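>>> the following block contains a protein sequence and its predicted model.
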Amino acid sequence: MENGAASTKAEGFLSRMALNDNKAGMEGLDRDKINKIIMESSKGSRFYENELKREQQVNQRIEKMMLQKAQITDQQLKKAQAQVERMTAELERSRDLSRVIVHVDMDAFYAAVEMRDCPELKDKPMAVGSMSMLSTSNYHARKYGVRAAMPGFIAKKLCPNLVIVPTNFDKYRAVCNEIREIFADYDPHFQPMSLDEAYLDFTDHLQQRQSWPDSSRTHRFRASSTATDEEQIELPQEPEMKDLSPVLFEDSPSSSPCLPGSEGVSAAGGAFEVFGKSVEEAVREMRFRIEQKTMLTASAGIAPNTMLAKVCSDKNKPNGQYRLPSTREAVMDFVQNLPVRKVSGIGKVSEKMLNALGISSCSHLGQQMALLSMLFSETAWHHFLQVSLGLGSTYIPRHEERKSMSTERTFRELSEAEEQLSLCRELCEDLAQDMKKEGLKGKTVTLKLKNVNFEVKTRALTLPYAVATVDEIFSVAKDLLKTERDNESPQPLRLRLMGVRISAFVTSDDKKPLQKSIIGFLQTGKTDSGGSQGTHQKFACFPLAQKCQRQDEVPRWSKQRGLERSQTGEEPQQSFFQRAHAKRLQLQAVNANTEEEGHGENASEITSTGTQNGVESSTKAHDNCTASDRSENDFVSPVEARASTSGCGSAVSERLTCPVCFRQVETTDLNDFNRHIDQCLSDASSKPNQYTVSDTESDLDLEIDHKECEVMEIRAVQCEVEEDLTSNRTQEDQRSLKSDSIQTVLINGDNKTVTSQQPQSCNDKSPVLICPICQLTQDSDDLIIFNHHVDLCLNRVVLHELGGQTSSSINLPSVTNSKAIDGGRFLPAQVSKGKTKRRDSPSSPPSKKAKGLGPRNTIDKFFRCFQSIY
DNA sequence: ATACATACC
DNA sequence: TACTGGTATGTAT
């Protein structure tokens, strides 16, 4: 408690390197002595020098902050104070003390497991890890200042007798599963934070617990403390309590009568214990069961929110628990004396900055809020304010989807380009394997490099499409590596670490973007990134595959909301070409998947994707070149072009993809190709509703067949479509669709709920379908046909957009950053700011901008554009 | 979007 | 001899 600051000052600087005794079992140590040893072991090393540098950076940050502070006037402070008070009142109003949150944390987890399995270690100082780095240490070792995140060789200096045991993650994982089973009995939605730690919401359990008989709260000691494998715990359960009760002790288990535990069990009463109904008893019971099951102890904190529970679990560590009563008074008292460093989220640097302002406990935090609100970012001071009020999360957030995946490796100095490259490849292989396991694909590849001076660099590239395979990842990573090497040359990159990360995952719905049809082209990046999963969920419900029943089919128009939503996108937009490229790759991936029996993908998702645009989806091979081969060649990105990982490069270049019908045109002659496109366009606008796509089969042929390109009648599409896309008319369209008894999927404001409406006569009456783009009533009641029609209408929109707006950017060498397509044109003037996840106001101001050119022109430009880029 | 820093286990 | 590896998020440009 009276820690850090003193020793840090004694050392003069390098608070980063000094012993961090903010850890259970490290009280009352001779910090000065320990720090001296640490410093002696480190001094002069490259690591030390780097730490010194970083320390100075932090010091500069602090200096800057102090300067800022000096310029604050009383008046400003007063104003800030008022704001803080308003905010405080607001937060106070939202204070919720009704939940019972528990944070459970295994004691010295890895070390405890190793000690359990190797009794000789029990009375020795030991740690898990290596000479380079320790994961954790037992309490014996902590007395010497040996702790997690300390390199083993330094630990050895602190404690020459230290035994270092290598990590055995499989074992820890197995134990982890055991304890999680127990967690689930108390909160099926518990949130694991790591292998040894979790948050649980006990509120519901406690409520149920009140009506439980003693037998349901009775748990036995393990019969023999030495027989680890004996699963006496798995006793038959009372049938009526099957789902709710924890593992039960029964009076008459046929197996074994309750014997008093032998040696290890010291419980006074004998072989079992009845736990009470209070929170403390429930938590004690949970810890008891953990210990009986795993022979390992856990500590727990009980509090009205996660922030406090976390702190509480540390309070009586090891093998203890602490409950903070659910009253405002108790919470405020508790928080007053709480060192800020104990709060999760306030680390070394924040602590130091706060210390510089004279803030070390949470009471100071509250007292200085006005100042803090002026010196720190909004998110930061809001967090501080909440902490000072003892507020925190009162619900256990469901485990969110991962946002990135990475692999990195430290090694002896590596300076040879060749070696670096092969290492990079290895990392990519590992990463690709991991990605495959989880069926993920991501658009951003990041290369991480740490040189021998411990300087870390990251270099990232975001692709217009998602990647997952070794070759794809490597082609990007090696490029980033090469660039970096070129930048440094003639000096070599002297590396000690390399890592590769993938992020910007596409959601499962993005893997079948065709479901969004051409709208996907119009969307900004927003829809493709994590923040809009809700949007995607709705697309997941579009069953447009032939498999699906008619009543499940959904008019394309119902995706309008998706479009609206994207129009509010605040994220950088991708060029049309990027998205086109992405789309094609994804299409190909779909094909590839289909051919492979849907690799880890939901089969119905794949089929629906395939059918959506009707054209490229197929299980039939068009030729000998597989989909994945094509993916590397059709539209070669700059990165891919250099990567040359392909296997089938020749055939592809002879085909071009028609932007209207999406068929592949087997020609390299641009005139031929343009003729095809023109034909498609004129077909689309002149022919009546002849187009039929009974199933995907009809779309498999690669031949240019304009009959198959024919669409339902489209008149008067030109020029006005973009208005339609953004105007209130879209709302009317939606309504008209609904009232016309078509099953409609509506996405509510937060884009999370999918409401399926299935009006009366959906099955027997022919609905009237009106194309939302061209406003024409469609004769066909086939939704597949209808969707296709809408697609084509939308394609026209795109082409007009291109014609109208890319004229200036079309000759640019790169369209990577071109916003020509989106260019605000499809975007409403009003663009939502921040992380808005809902659109409460459905109306988007119509945007009226340049009109498109005629088809011919458009296509020429469109095509030239593709040529110049790809 | 990218780079870097902070934080947690 | 020797100072991790994986993920998320905030800050700044």
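Yep, it's here. Numbering: from 1, shown residues only, chains lettered A, B, ... in the order given.
>>> on the three-state scheme, A:Val335 is what?
Following DSSP: H, G, I helix; E, B strand; the rest coil, A:Val335 is assigned to helix.
>>> if you could redo that for A:Ala466, that was the one I meant.
Assignment for A:Ala466 (three-state DSSP): strand.
>>> ok, it touching A:Thr507?
No: with contact defined as Cβ atoms under 8 Å, A:Ala466 does not reach A:Thr507; the gap is 9.9 Å. Heads up, the C-betas are built off the backbone N, CA and C, glycines and all.
>>> alpha carbons of the helix or strand encompassing A:Asp32, in CSV - could you do that?
Per DSSP states H and E, A:Asp32 falls inside helix A:31-42. In CSV, the C-alpha atoms belonging to helix A:31-42 read as follows (Å, rounded to 0.1, in the frame of the first residue of the first chain):
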residue,chain,number,x,y,z
ARG,A,31,12.2,-3.5,-2.2
ASP,A,32,15.4,-1.6,-2.3
LYS,A,33,17.5,-4.6,-2.1
ILE,A,34,15.4,-6.4,-4.8
ASN,A,35,15.4,-3.4,-7.1
LYS,A,36,19.2,-3.1,-6.7
ILE,A,37,19.6,-6.7,-7.9
ILE,A,38,17.2,-6.1,-10.7
MET,A,39,19.0,-3.0,-11.8
GLU,A,40,22.4,-4.7,-11.6
SER,A,41,21.2,-7.5,-13.7
SER,A,42,19.8,-5.3,-16.3
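>>> who touches whichever helix or strand comes after it?
Later in the chain than helix A:31-42, the nearest helix or strand by DSSP H and E is helix A:46-70. Applying Cβ atoms under 8 Å, 6 or more residues apart in numbering, the contact partners of helix A:46-70 are A:13-17, A:42, A:349, A:352-353, A:356-357, A:371, A:374-375, A:452-455.
>>> and DNA strand C, is helix A:46-70 touching that?
Yes: shown here: helix A:46-70 in contact with DNA strand C (Cβ under 7 Å from any atom of the strand) through A:47-48.
>>> which strands and helices lie in contact with whichever helix or strand comes after that helix?
Moving toward the C-terminus from helix A:46-70, the next helix or strand (DSSP H and E) is helix A:74-93. Judged by 3 or more Cβ pairs under 8 Å, 6 or more residues apart in numbering; DSSP states H and E, the packing partners of helix A:74-93 are helix A:369-375, helix A:378-388.
>>> so which of the contacts of helix A:46-70 sit within helices?
Secondary structure from DSSP state H places A:42, A:349, A:352-353, A:356, A:371, A:374-375 of those in helices.
>>> tell me the one among those nearest to A:Gln71.
Minimum distance to A:Gln71 across the ones in helices among the contacts of helix A:46-70 is 9.8 Å, recorded for A:Met374 (Cβ to Cβ).
>>> hang on, A:Gly276 packs against A:Arg217?
Yes: counting by Cβ under 8 Å, A:Gly276 does reach A:Arg217; the two are 7.0 Å apart.
>>> of those two, who's got more company?
A:Arg217 (20 against 13; other Cβ atoms under 10 Å).
>>> okay, and A:Lys317 sits in which element?
Assigned by DSSP H and E, A:Lys317 falls outside every helix and strand.
>>> distance of the residue nearest to it when sequence neighbours are not counted relative to A:Gln60?
With sequence-adjacent residues excluded and distances taken as Cβ to Cβ, 6 or more residues apart in numbering, A:Lys317 is closest to A:Ala24, at 3.7 Å. Counting by Cβ to Cβ, to the nearest Å, the gap from A:Ala24 to A:Gln60 is 33 Å.
>>> okay, the two: which has more neighbours?
A:Ala24 (20 against 10).
>>> wait, is the more buried one part of a helix?
No: assigned with three-state DSSP, A:Ala24 falls outside any helix and is coil.
>>> that one and A:Ser313 touch, don't they?
No: checked against Cβ under 8 Å, the pair A:Ala24 and A:Ser313 is beyond contact range at 9.6 Å.
>>> okay, the closest residue to DNA strand B within the stretch 101-250 of chain A: pLDDT?
The nearest approach of the stretch 101-250 of chain A to DNA strand B comes at A:Ser194, 3.0 Å away (Cβ to the nearest atom of the strand). Listed pLDDT for A:Ser194 reads 97.
>>> how about the residues of chain A that lie near DNA strand B?
Neighbours of DNA strand B within chain A, by Cβ under 7 Å from any atom of the strand: A:54, A:57-58, A:61, A:149, A:193-197, A:310, A:343-351, A:443-444, A:446, A:456-462, A:504, A:525, A:529, A:571-572, A:574.
>>> counting only strands, which of those residues make the cut?
A:193-194, A:197, A:443-444, A:446, A:456-462, A:504 (DSSP state E).
>>> which of these are buried?
The neighbour-count test (16 or more other Cβ atoms under 10 Å) marks A:193, A:197, A:443-444, A:446, A:459, A:461-462, A:504 as buried among these.
>>> burial count for A:Glu120?
Counted with other Cβ under 10 Å, A:Glu120 comes out at 9.
>>> shouldn't it be within a helix?
Yes: using three-state DSSP, the secondary structure at A:Glu120 is a helix.
>>> how close does it sit to A:Val165?
Taken as Cβ to Cβ, the span from A:Glu120 to A:Val165 is 11 Å.
>>> show me what contacts A:Met374?
A:Met374 touches A:68-69, A:72, A:76-77, A:80, counting by Cβ under 8 Å, 6+ apart.
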